[in-house]
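Peer 1: Here you go, sequence then predicted model.
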Amino acid sequence: MHKNTENIAEMNLRRSLGLITFAGCLAMVYITVITNPVFVDFLRKSGANEFHIGLITGVPMVMLVMQFVGGFLSNRLSRRRPVFMACSIIGRLMYIPVAFLPHLAPAIGQNTVLSFMVLLVAVSGALVNIAVPLWFSWMADLIPSPLMSRYWGLRQYWLQLTWMAAFVAVAAFSYFLQLPSQVAFPVLAILGVTAGM
């Protein structure tokens with residue numbers, strides 16, 4: 001009976017670790033979509049100049065400072081998972097309006113659209129970076145110490161493979177379909193954000 005319970009617990013743990021790895025792979029698809037050259041071309045066609053592009057692509061890096069907020073919260077929250085989920089989901093969803101805002105430019109003006117894009121990307125970067133320490137502290141509770149190093153190594157292997165495959169898929173999508181970036185990026189954003197959910 002005791003051995004049976006151990007086997008069930010081990011199977012549940014393996015299943016949980018597999019799901020965590022799969023979720024990480026889907027997150028790599030999301031990251032690929034929001035950082036690929038189609039996005040930069042989309043920004044150019046939306047009227048962004050070098051300053052705007054630098055700002056929009058650099059703001060997420062500046063928002064790394066929000067990991068201190070995440071670290072502060074992870075030490076004070078009794079339940080980290082709901083806050084992690086809310087920050088991750090809302091942060092990733094920000095790229096859907098970014099993908100469709102340029103279509104509103106004739107009505108609200110190009111400068112307003114670009115300002116909103118910068119704001120949405122900043123909010124996304126802030127929320128996603130708040131989530132990072134919450135996720136790591138949650139994983140530290142979930143993954144047993146004897147498995148930790150082996151598991152992180154294996155997970156990283158699958159994440160890197162997914163990342164490479166996602167870049168190849170985006171390149172193939174761009175090359176074979178030859179869609180204008182104003183169409184291609186919204187399509188990719190919907191697919192990437194769906195994967196990121």
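Peer 2: Nice, thanks for sending it over.
Peer 1: Work out for me the element residue 43 sits within.
Peer 2: According to DSSP states H and E, residue 43 maps onto helix 37-45.
Peer 1: For the protein, which segments are assigned as helices?
Peer 2: Shown for the chain, the helices assigned by DSSP state H span residues 2-34, 37-45, 50-62, 67-74, 81-93, 95-100, 105-108, 110-142, 145-177, 181-196.
Peer 1: Going by contacts, tell me the helices and strands next to the first one.
Peer 2: Okay, so that is helix 2-34. With contacts defined as 3 or more Cβ pairs under 8 Å, 6 or more residues apart in numbering; DSSP states H and E, helix 2-34 has these neighbours: helix 110-142, helix 145-177, helix 181-196. For glycine as for every other residue, the C-beta is placed from the backbone atoms N, C-alpha and C.
Peer 1: Can you work out which other helices and strands pack against the second one?
Peer 2: So the one you mean is helix 145-177. helix 2-34, helix 37-45, helix 181-196.
Peer 1: Name the stretch among those helices that sits most buried.
Peer 2: helix 181-196 (a mean of 20; mean count of other Cβ atoms under 10 Å).
Peer 1: Residues contacting that one, please?
Peer 2: 26-27, 29-30, 32-34, 36, 38-39, 41-42, 44-46, 88, 92-93, 95-96, 98-100, 102, 170, 173-174, 177, 179 (Cβ atoms under 8 Å, 6 or more residues apart in numbering).
Peer 1: CA atoms only: put that helix into CSV for me.
Peer 2: Extracted in CSV, the C-alpha atoms of helix 181-196 (Å, rounded to 0.1, in the frame of the first residue of the first chain):
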residue,chain,number,x,y,z
SER,A,181,4.0,43.1,-41.5
GLN,A,182,0.8,45.0,-40.7
VAL,A,183,-1.0,41.7,-41.2
ALA,A,184,1.7,39.2,-40.3
PHE,A,185,2.5,40.6,-36.8
PRO,A,186,-1.2,40.7,-35.6
VAL,A,187,-1.5,37.0,-36.8
LEU,A,188,1.7,36.1,-35.1
ALA,A,189,0.7,38.0,-32.0
ILE,A,190,-2.6,36.1,-31.7
LEU,A,191,-0.8,32.8,-32.1
GLY,A,192,2.1,33.8,-29.7
VAL,A,193,-0.1,35.2,-27.0
THR,A,194,-2.4,32.2,-27.2
ALA,A,195,0.6,30.0,-26.7
GLY,A,196,1.8,32.2,-23.8
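Peer 1: Tell me what angle it forms with helix 145-177.
Peer 2: Interaxial angle of helix 181-196 relative to helix 145-177 (axes from the mean of the first three to the mean of the last three Cα atoms, to 10 degrees): 160 degrees.
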